[in-house]
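**Student:** Dropping the sequence and predicted coords here.
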Amino acid sequence: MIVLDAYALTALLADEPAAQEVGELLAGGGAAVAAPNLAEAADRLGRLHGIAVHRTRTAVDSLEQSIDLRVRVVEHEHAWRAAELRVEHYHRTRCPLSLGDCLLLAVVGENDQLATADSHILAVARKERIAWIALPDSQGQLHLPQP
């Protein structure tokens, strides 16, 4: 299953440069977004793109029906794993992971792939041996994690 971060969902719904790549990933079926990342995407779409939350909800509901997009609930064990990831990897300037980023990493299962444009999330995914797909950012640039 492909697990989208907030940016991937935002890119798709706001027709940003990664929209085509995200659409192709979703066409394969089996996609998910963590509940905190869904909230982050709805927030960004509202604040940065002027898309009302109810319109985002309608679009996500449609994706849930048409491509079986699933919203992953954050469970007790995900919260603990997110805390471990942030304590281990966070640095204010070198690796500024938010708790939402860490929750995203925590909900990705061993048979999943994480889709994001965030080089810091990609770097942690690489270190943690989480399968990932790099997306172009909002400027159309691809930022791969450093080995």
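**Tutor:** Great, that's in hand. Quick caveat, the model's predicted, so the values are computed rather than measured.
**Student:** Just after the helix or strand containing A8, pick out the following helix or strand.
**Tutor:** Element membership for A8 (DSSP states H and E) is helix 6-14. Reading on from helix 6-14 to the C-terminus, the next helix or strand found by DSSP H and E is helix 19-27.
**Student:** how far does that following helix sit from the chain's center?
**Tutor:** Computed by CA atoms, centre = their mean, to the nearest Å, the chain-centroid distance of helix 19-27 equals 13 Å.
**Student:** contact partners of it?
**Tutor:** Here helix 19-27 makes contact (CB atoms under 8 Å, 6 or more residues apart in numbering) with 2, 4, 8-9, 11-12, 31, 63, 67, 69, 115, 133, 135-136. All C-beta atoms are positioned from the backbone trio N, CA, C, and that covers glycine.
**Student:** again, but for stretch 69-84
**Tutor:** With contacts defined as CB under 8 Å, 6+ apart, stretch 69-84 is touched by 1, 3, 26, 31-36, 38, 60, 63-64, 99, 102-103, 105-107.
**Student:** Next step: the residues you listed restricted to helices.
**Tutor:** Among the contacts of stretch 69-84, DSSP state H puts 26, 35-36, 38, 60, 63-64, 99, 102-103, 105-107 in helices.
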